[in-house]
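> from the sequence below, what's the structure:
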Amino acid sequence: MDFLAKARALKDHTIALRRDFHRHPELGFQEVRTAGIVAETLAAFGMDVSTGVGKTGVVGLLEGKSKSPVVLLRFDMDALPIMEENEIDYASEVPGKMHACGHDNHIAVGLTVAQILAEIRDELPGTVKFVFQPAEEGDGGAALMVEEGVLTHPKPDYALAMHVWNEKPVGWYGLTPGPMMAGAHTFRVKVTGKGGHGAIPQLSNDPIAAAVQIITALQTIVSRNVNPLDSAVITVGALHSGTVFNVIPQEAVFEGTIRTFKGGVFDLVEKRFREIVEGIGQSMNCQVEIEIVRATYTVENDPTLAALMVEVVHGIQADADVDQSYQTMGSEDFSYLTQGTPGCYMLVGSSNSARGLDFGHHHPRFNIDEDCLPYAVAVMAQGAVKVLQRGVTK
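Sure, this is the predicted structure:
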């Protein structure tokens, strides 16, 4: 099959799906309408469909002429709590919710890939396991699906996923062997002092003063403890304390994220993080409570799979700009699906500056150039077939 020709023939259908999902965004674990459409569509293609996996996740099995090997294709479904500012006829119809990261495109791509592969199921040398995942945006959707058995019955031999990428134009692809996206942890620190009157500070232990000193000192971990040839990020994204101008509060709470590529680097960052928080807290006569929780693992592309997908991209689009060294400190819970399973994660350039379609992910004016969609469909469909044909890591 000429996968690109087929994807182009279905382009209007893919765009219509994408725009429908864009109009009706649903947040993590609330993707009821979306999951219903996905499940009904996969069932219509003759797949064995499971629903409610990870609350609102959907899994469809497409068995070919043999049951193995098995390749898992992951497509995320959730939107973000953002008020859309785009003036387009398919803008979000749900106030305060928007597909500002591009997952509406992923659902549409996934359903189009499912349609194409279902048409040639008798030629498939294995099984394609379609996973439509809820709650990728930091709510643990992939981890919950793994907990509920998405990596069993059948167990995948390989896993593939893609993401539209507005940092780069249509025709660009990110396919880096090895670490590509950072592992992420979230943290919450509670600093408890002794409240009192703002005019009599000597009788209090000010948790705000302690918290801001801690936050400032935490930035020295990356600049003075982490090897400059390694990568790490410590970001405090929220700080809450006090209710009125003339009262020293009892406590301050701040939250944020730690991003690293290497486990050893994270261990160093965590050690220094705790030392700084506890040391400054003690010096300021405040008590501290530290909570650090893993959000994702590092996304590490299997080198053999990545090389195969590079070959697939060039076969689909000969003039494609394939970047095999691109890395980002962004994170992805697709990494939960590749713990023990060879995987490959691909970024698909989707911006077009000439048309004003270049706002970043999570921006209220985020939108993509839909010309990238047939390429994404063709690459994912062809990639799934190639993986099954070659058994690339066996």
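
> check the secondary structure at the nearest residue to Ser50 once chain neighbours are set aside for me.
The shortest distance from Ser50 to any non-neighbouring residue, by C-beta to C-beta, 6 or more residues apart in numbering, is to Val59 (4.5 Å). C-beta coordinates here come from the backbone N, C-alpha and C atoms, glycine included. Secondary structure assignment for Val59 (DSSP: H, G, I helix; E, B strand; the rest coil): strand.

> wait, Val59 touches Met47, no?
No. Judged on C-beta atoms under 8 Å, Val59 makes no contact with Met47 at a distance of 9.1 Å.

> compare the two (neighbour count), which wins?
Val59 (26 against 22; other C-beta atoms under 10 Å).

> got any residues that touch both of Val59 and Met47?
Common contacts of Val59 and Met47, defined by C-beta atoms under 8 Å, 6 or more residues apart in numbering, comprise Phe130.

> and the one helix or strand Val348 maps to, average pLDDT?
Using DSSP states H and E, Val348 maps to strand 343-351. Taken as a whole, strand 343-351 carries a mean pLDDT of 98.

> mind giving me the packing neighbours of that strand?
Counting contacts by 3 or more C-beta pairs under 8 Å, 6 or more residues apart in numbering; DSSP states H and E, strand 343-351 packs against strand 158-169, strand 172-174, strand 299-301, helix 303-316, helix 373-390.

> ok, now with 7 Å
Applying 3 or more C-beta pairs under 7 Å, 6 or more residues apart in numbering; DSSP states H and E, we find strand 343-351 packed against strand 158-169, strand 172-174, strand 299-301, helix 303-316.

> OK, contacts around the residue nearest to Ser50?
Shown in contact with Val59 (C-beta atoms under 7 Å, 6 or more residues apart in numbering): Ser50, Val53, Lys129, Phe130, Val131, Val150.

> got it, and Glu148?
Val53, Gly54.

> if I look at it, how far off is Gly141?
Computed as C-beta to C-beta, to the nearest Å, the Glu148 to Gly141 distance reads 11 Å.

> for the stretch 201-350 of the chain, what spans make up the helices?
207-224, 263-283, 303-316 (DSSP state H, counting those that start in this stretch).

> nearest to Ala39, of those helices?
helix 303-316 (27.8 Å; C-beta to C-beta).

> isn't Leu61 right up against Gly126?
No. Contact criterion C-beta atoms under 7 Å: Leu61 and Gly126 do not qualify, at 11.2 Å.

> show me which positions of stretch 124-142 end up buried.
124, 126-142 (16 or more other C-beta atoms under 10 Å).

> please flag which of the residues you listed sit within helices.
Gly141, Ala142 (DSSP state H).

> next step: the buried residues of stretch 124-142 restricted to strands.
Thr127, Val128, Lys129, Phe130, Val131, Phe132, Gln133 (DSSP state E).

> for Val387, see how far away the residue positioned nearest the centre of the chain is.
The residue lying closest to the centre of the chain (C-alpha atoms, centre = their mean) is Glu332, at 3.3 Å. From Glu332 over to Val387 the distance is 19 Å, taken as C-beta to C-beta.

> so what sits opposite the residue nearest to Ser50 in the bridge?
Ser50, Val131 (DSSP bridges).

> any stretches of the protein with poor pLDDT?
392-394 (pLDDT under 70).

> try 90 this time
138, 390-394 (pLDDT under 90).

> same list (the helices of the stretch 201-350 of the chain) but as CSV, adding mean neighbour count.
Shown next, in CSV, are the helices of the stretch 201-350 of the chain (neighbours: other C-beta atoms under 10 Å):
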stretch, mean neighbour count
helix 207-224, 18
helix 263-283, 17
helix 303-316, 20
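
> out of those, nearest to Phe75?
helix 303-316 (16.1 Å).

> helices or strands up against that closest one?
Looks like helix 303-316 contacts strand 321-323, strand 343-351, helix 373-390 (3+ C-beta pairs under 7 Å, 6+ apart).

> returning to what we had before: now the helices of the stretch 201-350 of the chain in CSV, with distance to Leu73?
As requested, these are exported to CSV (distance: least, C-beta to C-beta, whole Å):
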stretch, distance to Leu73
helix 207-224, 36
helix 263-283, 28
helix 303-316, 12
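
> so which of the ones you listed comes closest to Val70?
Smallest distance to Val70 across those (C-beta to C-beta): 14.0 Å, for helix 303-316.
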